[in-house]
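Participant: Show me the folded form of this:
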Amino acid sequence: MIGSMQLPIVLLPGLLCSPRLYGEQLAALWRLGPVLIADHTRHDSMAAITRGILATAPPRFALAGLSMGGYLAFELMRQAPERVAGLALLDSSARPDTPAQSQRRRALIALAQRGRFADVPDLLFPVLVHRAHQGDAALRRLVRLMAEETGPEAFIRQETAIIARPDSRAGLAAIGCPTLVLVGDGDELTPPELSAEIAGGIRGARLVVVPDCGHLATIDQPRQVTQALVEWLRAATR
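Facilitator: Next comes the predicted model:
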């Protein structure tokens, strides 16, 4: 029981995403507790990134991660489940990388290594936002800016960690904290059935499918995502 105490919130960004990924949510979340956006750029394995996050995180906190942030959240639940009071998994997957996915990642790594990192966000953009938002110039600028803030070296470390991530499905049943699983209905990278699989494996998890929304839900449909996160945090602090 947290009672009336504020619960710290740790946010885990996705691949090639900076703190701007959660920019639209911060004003609402900040009112519910202190917010920390974790650094996921300095190591090339899920285990090492997570150890770094735990070293600077509060003793107990609510945890939310999108995409790669979800993969990290699963690793954090393996390393320190007692520290997590609530879990939100946005547009993510409990499954390991498929050979085809890893091959595409290695091609992007090679592009960055050849000095063409600036091409990467534009190549990814069509699968990051809903098809109805493909022409949104502001969203495209935001995706490019977050990539610039991440940089090629960190991008390569992130992709290396993602390729080698473990299968998290076996650990779903052990998750006992209030859990939100959210996904855009048009998410092409981690389709809704993968979130349904996660929610089905975690007892009491709430599944939210956001209409007209792609993979980067926090920027594609920010209001709906903020509302879902606020409701989840209130449940986690009861």
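
Participant: The closest residue to residue 76 other than its chain neighbours: neighbouring residues, count only.
Facilitator: Spatial nearest neighbour of residue 76, chain neighbours left out: residue 50 (5.0 Å); criterion: C-beta to C-beta, 6 or more residues apart in numbering. All C-beta spots, glycine's among them, are computed from the backbone N, C-alpha and C. Neighbour count for residue 50, taken as other C-beta atoms under 10 Å: 26.

Participant: can you confirm residue 50 is in a helix?
Facilitator: Yes: assessed with DSSP: H, G, I helix; E, B strand; the rest coil, residue 50 lies in a helix.

Participant: shouldn't residue 22 be in contact with residue 38?
Facilitator: No: shown here, residue 22 and residue 38 do not form a contact pair, counting by C-beta atoms under 8 Å, at 10.8 Å.

Participant: the more surrounded of those two?
Facilitator: residue 22 (26 against 22).

Participant: What residues does the spatially closest residue to that one that is not a sequence neighbour make contact with?
Facilitator: Distance criterion C-beta to C-beta, 6+ apart; nearest residue to residue 22, sequence neighbours excluded, is residue 11 at 5.1 Å. Residue 11 sits next to 19, 22, 25, 29, 35, 36, 37, 38, 64, 65, 69 when contact means C-beta atoms under 8 Å, 6 or more residues apart in numbering.

Participant: 7 Å instead, please
Facilitator: 22, 35, 37, 38, 64 (C-beta atoms under 7 Å, 6 or more residues apart in numbering).

Participant: Residue 126 too?
Facilitator: Contacts of residue 126 (C-beta under 7 Å, 6+ apart): residue 134.

Participant: Tell me the spacing between the residue most central in space within the chain and residue 92.
Facilitator: Centroid check for the chain by C-alpha atoms, centre = their mean gives residue 66 as the closest residue, at 1.4 Å. Relative to residue 92, residue 66 is positioned 7 Å away (C-beta to C-beta, to the nearest Å).

Participant: ok so, going back, check for me that the residue nearest to residue 22 belongs to a helix.
Facilitator: No: secondary structure assignment (three-state DSSP) places residue 11 in strand, not in a helix.

Participant: in the sheet, who's paired with it?
Facilitator: Beta bridges link residue 11 to residue 37, residue 64 when assigned by DSSP bridges.
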